[in-house]
Structures are given as C-alpha cells and as structure tokens.
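Visitor: return a 3D structure for these sequence lines:
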Amino acid sequence: MASVTEIKDRFVSILNSLGSIFVDTYKDTEAEAIDLNVQQMMDGATAKGGPIGQYSEFTKQIKKSKGQISEWVTLRDEGDFQSKMHFKTLNEQYAEINSSDWKTDKLTEKYGQDIFGLSPTNLKIYARENWFTSFVEKIKLKLYGRN
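Guide: Below you'll find the predicted structure:
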C-alpha cells in the first residue's frame, strides 16, 4: 500500500501533466471522433446540427445512378475526402477535425467550415463514451500504475 506522501506525489504528477494527458486522450480517441463526424455527414448534418445542403437535380441523378444517397448532401462520392479526415489542431482545449483531401478547400468554401466538427448530440456521445473513458484510464494508470 502506498504511503500518503506517495499518493500526494502521484496527484501532483497528474496535475503537472494534465495538458499532455488531455492531448494523449484526444490522440487515442481520434478514430472515434472521425467516425462520428463521417456518420454525421452521411446523415446530411453539420456540426451545428443543421443540413449540409441539397444536391442539384443533375447531381441527384448522378447519385441515384451510382446507388448513393441523393436526398441530401453527404460529402461522399468515392470516399477519399472522408477517409482522409483527421485532427488538424490538437491542444489541451480542443481537437479540430479536417481532411487532407484535395477537395477540402472547395467543399468548405461551398458548404462551410461546419461540415467538420461534432454536433451537440455527437459531442456528448464522444465525450461520454470515448474521451472521458480514455481520460479516466490514463489518470488511473498514473495514480495506481495500472488500469
């Protein structure tokens, strides 16, 4: 069993490394955040929860011929844009989602920056089911030396 001094020292160590724990937690849960953002796009929603947009009649016909969703904008054709999504900015306060696909600037110009990021509902899901769980495990590991 650890002494009171050892436990205090562990808490101090945790407090001193909180920033890096936050960043590591974002890194470890990046895939889950991206998956939620992609699903949100497939549902036609932005980070604010509103619709991304509507396709023109011409584009609807193309989408239908490919067997793709044509009722709302999904930002998916071949999948390159969404498969190249990642955390662009990562710090203690937040992680910003973006895509390294060549179409990113064109898509954000047309549909806005809110195509990236989680809606309030998805942000709660991500925080509760992914980020917080990972964060707590990291704290436990630092405090007890195990999960």
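Visitor: what residue ranges in the chain score low on pLDDT?
Guide: 1, 146-147 (pLDDT under 70).
Visitor: run through the helices of it in chain order.
Guide: 4-16, 18-28, 30-42, 57-65, 80-83, 104-111, 120-126, 132-144 (DSSP state H).
Visitor: would you mind giving these as CSV with mean neighbour count and distance to residue 93 added?
Guide: Just so you know, the C-beta spots here come from the backbone N, C-alpha and C atoms, and that holds for glycine as well. Shown next, in CSV, are these (neighbours: other CB atoms under 10 Å; distance: least, CB to CB, whole Å):
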stretch, mean neighbour count, distance to residue 93
helix 4-16, 11, 17
helix 18-28, 15, 8
helix 30-42, 18, 15
helix 57-65, 12, 38
helix 80-83, 17, 25
helix 104-111, 14, 22
helix 120-126, 15, 14
helix 132-144, 14, 14
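Visitor: can I get those helices in JSON lines including distance to residue 51?
Guide: Shown next, in JSON lines, are the helices of the chain (distance: least, CB to CB, whole Å):
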{"stretch": "helix 4-16", "distance to residue 51": "43"}
{"stretch": "helix 18-28", "distance to residue 51": "28"}
{"stretch": "helix 30-42", "distance to residue 51": "11"}
{"stretch": "helix 57-65", "distance to residue 51": "15"}
{"stretch": "helix 80-83", "distance to residue 51": "17"}
{"stretch": "helix 104-111", "distance to residue 51": "10"}
{"stretch": "helix 120-126", "distance to residue 51": "15"}
{"stretch": "helix 132-144", "distance to residue 51": "29"}
